[in-house]
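Q: Everything below, folded, please.
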Amino acid sequence: MKSTYTLQRMNGGAWKGLAGLLLLAAAVFIGSLLVGSVELSPARILAALLGSGDSVARSVALAVRLPRTLAAFGVGSLLALAGVLLQALFRNPLADPFVLGVSGGAAVGALLAMIAGAAVLTIQGSAVAGAVVAVVIVHLLARSGGTSRLLLTGVVLASACGAIVTVLLSIADASRLRGMVFWLAGDLEWALDPWASALTALFAVAFAVLLARPLNVLAAGELRARSVGMRLEAWRSFVFVGCAALTAVAVVSAGTIGFVGLITPHIVRLAFRTSDHRVVAPASALLGGTLLAIADVGARTVIAPAQLPVGAIMALVGAPLFIALLRRRG
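A: Numbering: from 1, shown residues only. Okay, the predicted model is just below:
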C-alpha cells in the first residue's frame with residue numbers, strides 16, 4: 001500500500017509540474033506576441049490575429065511575431081528532446097544535439113551555399129544535405145562499436161566541421177559575412193515555415209512518451225538492457241537516427257542554436273526529481289521551447305530596432321538559470 005501511494009503521489013506531482021510548465025509556456029507565448037521592437041497595444045495585436053486591424057499591426061503580428069514565436073517553441077522543443085534522447089543513449093550528462101556532428105555538417109552545407117550566393121531555400125536544402133552526410137559518416141564509422149565509439153566519432157566530426165566553418169568564414173565575401181555569422185549563432189528569421197518545426201516537435205514528444213520504457217532501460221545501462229532482452233544495437237541506431245533528424249529540422253529552421261539540448265533535461269530532472277522519460281521528455285520539450293521563446297523576445301528588444309543572435313541570448317538566459325537551480329538542489 002505504501003509503495004502504491006508513493007507512486008500515485010509522484011505521478012500527481014509530475015502532473016502538477018507539467019501543468020505549471022504548460023501555463024508558463026502559454027504566458028510566454030502570449031507575451032512574445034505582445035512584446036517587440038515596435039510598440040503596439042494588445043488590442044491592435046489581438047485584432048490583427050483575428051484577421052482585422054490596421055496594416056501595420058497585421059504585418060508585425062502575422063509576419064514577424066507569430067512565425068518567430070512558433071519557430072522558437074518548435075526549435076527549442078526539438079533541441080531539448082534531442083538532448084533527452086542523447087543523454088539516455090550515451091548515459092553522459094554532457095551529451096547534446098551538437099555532439100553528433102549533425103549541426104556541423106548542416107553548417108558546412110549552408111555556408112557553402114551562402115558563399116555561392118544561393119537563395120534561402122537552396123541554403124536550407126544545402127543544410128539538410130550537410131546534416132544527412134554527417135549522419136551517414138558517423139553511422140558508417142561507428143556501427144558495431146557501441147555508444148563510446150559513436151560519441152567519439154560524432155565529437156571528431158563536429159571538430160572537423162568546426163575547422164571547415166572557420167576556413168569558410170575567412171574566405172567569405174564581407175557582404176555575406178554578417179548573415180553567415182548570424183546563422184551560425186542562431187537566427188529565427190531563417191524559419192520560413194515555423195509550422196514545420198512546431199508540428200515535428202509535437203509528433204516527436206508523443207513518440208518519445210510512447211517509447212519511455214525503452215528509453216528508461218537504455219539510460220539504466222548496457223547490462224540492464226541486455227538482461228531484459230533489448231536489441232541494443234538496433235535501439236542505439238534508432239535513437240541516434242531520431243536525434244539526428246530532430247537536430248537537422250531544428251538547424252535548418254533556425255541555424256545552430258546551442259545550449260538548449262544540454263541544460264534543459266538537467267533542469268527538468270532536478271526540478272521534477274525524476275529520470276522517468278514519461279515525465280522528462282514532455283517537460284523538457286515544453287521548457288526548451290519556453291526558454292528559446294524568452295531568448296527570442298530578448299533578441300528582438302534588447303537593442304531594438306537592431307536584433308541580436310538568439311543563440312547568444314539563449315546562453316545568457318540559460319546558464320544563470322541552470323547554475324541557480326543546481327546550487328539550490330546541492
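Q: all helices of the stretch 1-150 of the chain, in order?
A: Under the criterion DSSP state H, counting those that start in this stretch, the stretch 1-150 of the chain contains helices at 2-34, 42-49, 55-60, 66-90, 102-115, 120-142, 146-171.
Q: now for the ones you listed, which one comes closest to L218?
A: The closest of those to L218 is helix 66-90. By Cβ to Cβ, the value is 5.1 Å. C-beta here means a position set from N, CA and C on the backbone, and glycine is covered the same way.
Q: for the closest one, packing partners?
A: helix 2-34, helix 146-171, helix 194-210, helix 212-220, helix 232-254, helix 260-272, helix 277-301 (3 or more Cβ pairs under 8 Å, 6 or more residues apart in numbering; DSSP states H and E).
Q: How far does stretch 114-124 sit from its chain's centre?
A: Here stretch 114-124 is found 23 Å from its chain centre; the criterion is Cα atoms, centre = their mean, to the nearest Å.
Q: Give the rounded mean pLDDT of stretch 93-113.
A: In this model, stretch 93-113 carries a mean pLDDT of 84.
Q: Export it to PDB, keeping only CA atoms.
A: C-alpha atoms of stretch 93-113 as PDB (Å, rounded to 0.1, in the frame of the first residue of the first chain):
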ATOM      1  CA  PRO A  93      25.400  14.400 -18.900                       C
ATOM      2  CA  LEU A  94      27.400  16.400 -21.400                       C
ATOM      3  CA  ALA A  95      25.700  14.800 -24.500                       C
ATOM      4  CA  ASP A  96      23.700  17.300 -26.500                       C
ATOM      5  CA  PRO A  97      22.400  17.500 -30.100                       C
ATOM      6  CA  PHE A  98      25.600  19.000 -31.400                       C
ATOM      7  CA  VAL A  99      27.800  16.200 -30.300                       C
ATOM      8  CA  LEU A 100      26.700  14.100 -33.200                       C
ATOM      9  CA  GLY A 101      28.300  16.400 -35.800                       C
ATOM     10  CA  VAL A 102      24.900  17.000 -37.400                       C
ATOM     11  CA  SER A 103      24.900  20.700 -36.800                       C
ATOM     12  CA  GLY A 104      28.400  20.900 -38.000                       C
ATOM     13  CA  GLY A 105      27.500  19.200 -41.300                       C
ATOM     14  CA  ALA A 106      24.500  21.400 -41.700                       C
ATOM     15  CA  ALA A 107      26.600  24.500 -41.100                       C
ATOM     16  CA  VAL A 108      29.200  23.500 -43.700                       C
ATOM     17  CA  GLY A 109      26.400  22.900 -46.300                       C
ATOM     18  CA  ALA A 110      24.600  26.100 -45.500                       C
ATOM     19  CA  LEU A 111      27.800  28.200 -45.600                       C
ATOM     20  CA  LEU A 112      28.900  26.800 -48.900                       C
ATOM     21  CA  ALA A 113      25.500  27.800 -50.400                       C
END
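Q: what distance separates that stretch from the centre of its chain?
A: 12 Å.
Q: wait, which of the helices of the stretch 1-150 of the chain is closest to T274?
A: With Cβ to Cβ as the criterion, T274 lies closest to helix 2-34 of the helices of the stretch 1-150 of the chain, at 6.8 Å.
Q: who's in contact with A293?
A: For A293, the contacting residues are A25, V28, F29, S32, T69, A72, F73, G76, by Cβ atoms under 8 Å, 6 or more residues apart in numbering.
Q: Not including adjacent chain positions, what is the nearest residue to the fourth one?
A: In space, and not counting its chain neighbours, S32 is closest to T69: 4.3 Å by Cβ to Cβ, 6 or more residues apart in numbering.
Q: So what touches stretch 225-239?
A: 85-86, 88-89, 139, 143-144, 146-147, 150, 214-215, 217-218, 222.
Q: can we see that at 7 Å?
A: For stretch 225-239, contacts defined as Cβ atoms under 7 Å, 6 or more residues apart in numbering pick out L85, L89, T147, P214, V217, L218, E222.
Q: Which of the residues you listed sits closest to V297?
A: Closest to V297, out of all of the contacts of stretch 225-239 and judged by Cβ to Cβ, is L85, at 27.7 Å.
Q: That closest one touches V241, doesn't it?
A: No - contact between L85 and V241 fails when scored by Cβ atoms under 7 Å: they sit 10.6 Å apart.
Q: Compare those two and say which is more crowded by neighbours.
A: Set L85 next to V241 and count neighbours by other Cβ atoms under 10 Å: L85 wins out with 28 against 12.
Q: per-residue pLDDT, the more buried one?
A: So, for L85, pLDDT stands at 90.
Q: try the one 5 residues further on
A: Per-residue confidence (pLDDT) for F90: 81.
Q: For C243, give its distance to G311.
A: 19 Å (Cβ to Cβ, to the nearest Å).
Q: Point out where the stretch 101-250 of the chain drops to low pLDDT.
A: Scanning the stretch 101-250 of the chain for pLDDT under 70 picks out 144-146, 192.
Q: what sits against V38?
A: Per Cβ under 7 Å, 6+ apart, neighbours of V38: V60.
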